[in-house]
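Undergrad: Pasting the sequence and the predicted model now:
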Amino acid sequence: MATGDSPFVADSLVDLMYQRVHASPRDPRTSAPDLPPFFSRVVLRCLARDPADRYTSAAEVLAGLEQHEPNRPRVGPFIRRISLRRAAAVAAAVLLLAGALAAVPAMRGRLARPPAVSTAPTKTPRVAVLPFTAIGGTPDAQPIAIGIAQALNTKLSALPEVSVSAVPAQPMRPDTPLAQVGQHLAADVLISGTVQQTASGVRIAITADQTMPARRIWASEFSGLPADILTIEDHVFTALLAGLDLKPATQSLTRTIGHPTENIPAYQLYLRAGNSMTAQQDPKNVLAAIDLYEQAIKLDPSFARAYAGMSDSAMRMYRFTREQKWIDKALSAAEQAQHLDDTLVDAKLSLASVYTATGRLTEAVATLADAAAVRPSAGVLTRLGRAYMDSGRTDDAIAAYKQSIEKDPYSWIGYAALGNVYMRAGRYDEALVALKKVTELDPANATGYNDLGAAYIQLGRYSDAAATLTKSLDLLPSAATYTNLAIVNAYQGDFSAAVSAFEKSAELAPNREQYVGNLADGYRWAGRLDKANETYTRAIELALHDLQVNPRDATARANLGMYFAKTGDAARARKTIADARAINPADVNLIYADATVAALGGRTDDALAALEQAVRGGYPVTAAQHDPDLRNITQTDRFRRLLPPPR
């Protein structure tokens with residue numbers, strides 16, 4: 001293939017077969033001198049007589065080629081004409097050919113093929129549909145790639161015969177081993193594919209790989225015109241079911257036959273909008289997505305999914321800007337999506353997101369319960385659990401999270417959510433068990449280590465917390481992790497290090513009142529009072545803005561009360577924290593905030609009474625012991641009686 005010539009030359013078929021078994025193939029450069037030496041070595045290794053001397057997979061061929069990728073500008077015309085991945089496909093074909101040739105003597109008398117045997121797993125698979133890759137650089141291929149992956153994910157999610165894992169927006173490295181990808185996504189089958197735009201249409205290649213042990217179980221190619229994209233998606237899905245040896249019941253299949261729209265131009269705009277939303281998440285791309293969704297809706301006013309997409313995009317703009325107009329747009333679009341298709345789970349999830357952000361928690365719970373009735377997936381149940389938690393329905397939240405884990409026991413997401421609700425309930429020992437499970441299921445998960453570090457802080461295990469949070473930052477720097485590490489430093493008396501970490505947190509999330517308020521705390525503890533007051537003013541502005549959007553945000557209201565206390569406005573602080581506690585009286589974190597406000601206001605007895613109530617509710621007294629804001633009560637005999645006896 002590389003040279004247009006045969007690796008063996010002979011005068012007769014017998015002599016040729018003898019050479020194939022006993023002789024070494026000619027160096028490809030004897031026929032194609034422009035081939036670089038490294039490529040010639042790859043080809044010759046593929047043609048090695050002894051199978052042990054050959055590559056064992058196309059991935060190894062690609063690795064052999066990519067070792068020399070920095071030298072590509074200096075290689076001959078053949079390598080410049082094709083990509084390394086294309087070259088790997090050529091070399092892999094040579095590898096397969098070499099295996100067949102070496103086996104010729106053993107094949108005498110076996111002209112008939114044995115019956116085909118499916119290599120798909122026999123148990124119900126846990127499948128993850130990875131983002132498809134557009135190759136060739138044409139702008140239209142990427143939206144089609146997004147559409148096919150999205151369609152497969154949606155159709156598979158509608159089948160009770162298969163469990164579909166959520167794929168995070170942040171992609172993993174392409175060279176990550178299959179077993180590690182499967183562990184990260186809690187999937188034992190990975191669906192991936194490529195889309196290439198050609199002069200005659202599009203060519204789609206799709207594969208299914210088992211992760212443990214790593215092996216390919218199905219692969220197929222499809223082609224067609226972009227105008228037939230919906231039909232292509234249906235064909236791909238049907239072929240994938242056969243490739244995975246899935247035989248859904250008729251009732252299950254009826255959930256997969258619908259199309260989001262029959263207007264192809266509208267669908268293409270919808271896919272382009274999705275492409276903008278999966279690109280770098282900045283306001284420019286999100287605004288571009290909103291414009292494309294609006295164009296799609298003009299072409300098909302009944303396009304419910306486009307309304308749901310526009311709602312999600314508007315919510316993203318709100319998170320960027322905190323402007324009320326985006327919340328209003330998100331609500332209007334989600335309501336229209338729900339009106340057009342009240343069975344569409346995406347519409348229900350979009351609507352619930354707006355309800356949650358605006359404090360309409362009863363409606364959020366009802367909407368998510370409806371979504372769970374239609375699609376009782378682990379992801380939907382986790383969202384329902386969060387709505388219960390925000391509503392103060394702790395037991396219901398725990399039950400929903402446990403249901404999520406039952407649906408997908410290999411996913412870390414349910415355990416992370418369960419650990420956090422246990423933290424909110426003051427059940428820290430149970431929280432530790434759940435959060436450790438997150439790191440066991442996915443050792444490369446930064447969120448798991450951050451949450452585990454937060455639990456260690458509450459239990460006063462500062463060395464464990466620092467080590468765990470540092471590991472989280474090594475994996476992925478985040479505002480939450482920097483602020484948690486800053487708290488560890490502050491509780492150990494290192495206020496300079498605390499300020500530094502708080503500043504990094506606020507840089508990553510400058511519009512989040514919690515992180516700005518924490519930075520103000522750091523400045524105050526370090527004695528930089530002017531800087532602290534200036535930063536508290538900004539935190540108060542942000543908290544008030546959040547409460548305009550969601551008046552039922554008990555955490556923002558409690559934080560606001562503490563900011564008032566820390567800037568000397570004791571009366572307003574007392575009223576604000578009382579309002580926060582009224583929203584969720586059982587939340588031990590709000591009770592602890594009440595103790596903080598009382599302590600800062602010099603009301604020692606009230607502070608100790610609130611702290612005792614928090615401790616009875618499960619809040620660890622060790623977390624209060626080193627809090628700089630509680631110094632005036634932690635030295636009292638009444639507080640010391642709360643401490644556990646020394647070991």
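TA: Perfect, thanks for sending it. Numbers count the residues shown, from 1 in each chain.
Undergrad: Domains of the chain: list them as residue ranges, please.
TA: The chain breaks down into these domains under automatic domain parsing: 13-107, 126-257.
Undergrad: so where's this protein uncertain?
TA: Residue ranges of the chain with pLDDT under 70: 10-22, 67-124, 137-139, 167-174, 279-281, 646-647.
Undergrad: Apply 50 and report the result again.
TA: Within the chain, the stretches with pLDDT under 50 are 13, 70-122.
Undergrad: for it, what spans make up the strands?
TA: Ranges of strands in the chain, per DSSP state E, are 126-129, 133-135, 163-164, 189-198, 201-211, 214-224.
Undergrad: and the fourth one, what does it pack onto?
TA: Right, strand 189-198. For strand 189-198, the elements it packs on are strand 126-129, strand 133-135, helix 141-157, helix 178-185, strand 201-211, judged by 3 or more CB pairs under 8 Å, 6 or more residues apart in numbering; DSSP states H and E. In short, each C-beta sits where N, CA and C put it, glycine included.
Undergrad: any chance of the ones you listed in CSV, with distance to M317 and mean neighbour count too?
TA: Below are those laid out as CSV (distance: least, CB to CB, whole Å; neighbours: other CB atoms under 10 Å):
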stretch, distance to M317, mean neighbour count
strand 126-129, 27, 24
strand 133-135, 26, 19
helix 141-157, 20, 23
helix 178-185, 28, 20
strand 201-211, 32, 20
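Undergrad: right, and the ones you listed - which one's nearest E406?
TA: Checking the helices and strands packed on strand 189-198 against E406 by CB to CB gives strand 126-129 as the closest, at 13.4 Å.
Undergrad: Name the residues that touch the closest one?
TA: Strand 126-129 has contacts (CB atoms under 8 Å, 6 or more residues apart in numbering) with 149, 152-153, 156, 162-167, 181-182, 185-191, 244, 408, 410.
Undergrad: would you turn the strands of the chain into CSV with distance to T634?
TA: Below are the strands of the chain laid out as CSV (distance: least, CB to CB, whole Å):
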stretch, distance to T634
strand 126-129, 49
strand 133-135, 57
strand 163-164, 49
strand 189-198, 52
strand 201-211, 51
strand 214-224, 55
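Undergrad: Let me know which of these is the nearest to A497.
TA: Distance to A497, taken as CB to CB, is lowest for strand 126-129 among the strands of the chain, at 39.7 Å.
Undergrad: to the chain's geometric centre, what's the distance from the closest one?
TA: On the basis of CA atoms, centre = their mean, to the nearest Å, strand 126-129 sits 13 Å off its chain's mean C-alpha point.
Undergrad: need the contact list for the closest residue to I398 other than its chain neighbours.
TA: The spatially closest residue to I398, leaving aside those adjacent along the chain, is V421, at 5.7 Å (CB to CB, 6 or more residues apart in numbering). Listed by CB under 8 Å, 6+ apart, the contact partners of V421 are G385, M389, T394, A397, I398, Y401.
Undergrad: What about those, which one has the most neighbours?
TA: Within the contacts of V421, most neighbours by other CB atoms under 10 Å means Y401, with 29 neighbours.
Undergrad: Does it touch G379 like I think?
TA: No: in terms of CB atoms under 8 Å, Y401 does not count as a neighbour of G379; the distance is 11.9 Å.
Undergrad: Tell me which of the domains of the chain is the most buried.
TA: domain 126-257 (a mean of 18; mean count of other CB atoms under 10 Å).
Undergrad: Include distance to A334 when you put the contacts of V421 into TSV, please.
TA: As requested, these are exported to TSV (distance: CB to CB, whole Å):
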residue	distance to A334
G385	20
M389	21
T394	27
A397	23
I398	28
Y401	24
